[in-house]
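# build me a structure from this.
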Amino acid sequence: MTAFALNEPFDRRPSVPEGVRAAANSIPPSTLVFLGILSVQLGAGFAKELFGTLPPSAVVFVRIAAGAAIMAAVARPRLRGLGWRDWMVGLAFGAVLALMNLTFYEALSRQPLGITVAIEFLGPLGVAVAASRRRLDLLWVGLAALGVVLLAPWGQSAGMSWVGIGFALVAGACWAAYILLSSAAGKRFPGTQGLSFAMVVSALLIAPVGIATGGSDLLQPHLLLIGVGVGLLSSVIPYSLELQALRRMPKHVFGILMSLEPAVAALIGVLVLGEILGVQQWAAVCCIVAASLGSTRRRS
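Now for the predicted structure:
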């Protein structure tokens, strides 16, 4: 799950450390996007490794709390002068972020990483198609639907469950709402303060569930360290890389590159988690990737 929305507006003066900015400027923007995708999926892979010790809700809490602490330190949100509409947008943004991560991790605990990301990717795909008036986009909707049908556990589909698919679809719907709310937050908060505010809100919302399910295991130093690492890989690092890439490349090119995320997730699942997908499952992932590429592509 990327930290940056496919069509999110970005401020020209974001709070990105100068050292990160200088290093990023020496790397091709396409490489920055790929590194961001790789970081997000590695974070998800390492988070899944924690499921043997902590339940998904506790892992979500550790991941979001770590990311929120880091983001708040980098881009401390200023609350003075906020109107009630600003507060409503920020709170809704945080609530959606919390639900998106919780349902994503619940889905991830029940099925392979690549499959979960592919289904979740229907959210931003739906936003892209809804914003377009091209008839050709109906083809991409059909192709994405075919991908979901191929993933459904009609028979003895290994590693798949209807519950997992349901959680992934809810996560995708939340991702769509995240894109819309991030656009609204970008107009009301300077720089990255909107995301920082939302992450703090999401950490507070998920804390009761995460602490209740994680219990004393949350105090284990090595688990906290892994949680900080997951927070960095899943939020801070990819957000910084993608923000720098967007400064130096057209948004539609960025969207095309981001469409490769389900395929990268499937590869990370194989290499890191040992999740071997069948031919039908790979075909489903390819259908969703192709649908995303087609819907993102713009006529020159």
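# pLDDT below threshold where in the chain?
Applying pLDDT under 70 to the chain flags the ranges 1-25, 131, 154-159, 297-300.
# quick one, strands of it?
Counting by DSSP state E, no segments of the chain form strands.
# tell me where it has helices.
Here the chain has its helices, by DSSP state H, at 18-25, 29-49, 56-74, 84-108, 113-120, 122-130, 137-151, 162-188, 193-214, 221-231, 237-247, 251-258, 261-273, 279-296.
# return the most buried member of these.
Comparing those by mean neighbour count (mean count of other CB atoms under 10 Å), helix 113-120 comes out on top with a mean of 29. Every residue, glycine included, has its C-beta placed from N, CA and C.
# ok, C286 to G294 distance?
In this structure, C286 and G294 are 12 Å apart, going by CB to CB, to the nearest Å.
# with L218 instead?
Counting by CB to CB, the gap from L218 to G294 is 43 Å.
# same deal with A72?
38 Å.
# so what's the closest residue to A98 other than its chain neighbours up against?
Spatially, and ignoring its direct neighbours in sequence, A98 is nearest to S202 (3.8 Å; CB to CB, 6 or more residues apart in numbering). Going by CB atoms under 8 Å, 6 or more residues apart in numbering, S202 touches 64, 68, 94-95, 97-98, 101.
# tell me which two in these are the farthest apart.
With distances taken as CB to CB, the most widely separated pair in these is A68 and A95, at 13.8 Å.
# thinking A75 is in contact with Q193, fair?
Yes: A75 is within contact range of Q193, at 5.3 Å (criterion: CB atoms under 8 Å).
# ok, and the closest non-adjacent residue to I64?
Here the residue nearest I64, using CB to CB, 6+ apart, is A203, at 4.8 Å.
# returning to what we had before: can you add distance to L122 and give the contacts of S202 back as TSV?
What follows is the contacts of S202, written out as TSV (distance: CB to CB, whole Å):
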residue	distance to L122
I64	23
A68	27
G94	23
A95	21
L97	18
A98	20
N101	17
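# does V230 touch G45 like I think?
No: the criterion here is CB under 8 Å, and V230 misses it with G45 at 9.3 Å.
# need the overlap of contacts for these two.
Joint contacts of V230 and G45 (CB under 8 Å, 6+ apart) do not exist.
# and stretch 271-286, end to end?
End-to-end distance for stretch 271-286: 18 Å, by CA to CA, to the nearest Å.
# which outside residues touch that stretch?
42, 45-46, 48-49, 112-115, 118, 146-151, 157-159, 262-263, 266, 269-270.
# at 7 Å instead, please
With CB atoms under 7 Å, 6 or more residues apart in numbering as the test, stretch 271-286 has contacts from 45, 48, 112-115, 118, 147, 150-151, 158-159, 262-263, 266, 269-270.
# end-to-end on stretch 105-116?
With CA to CA, one end of stretch 105-116 sits 9 Å from the other.
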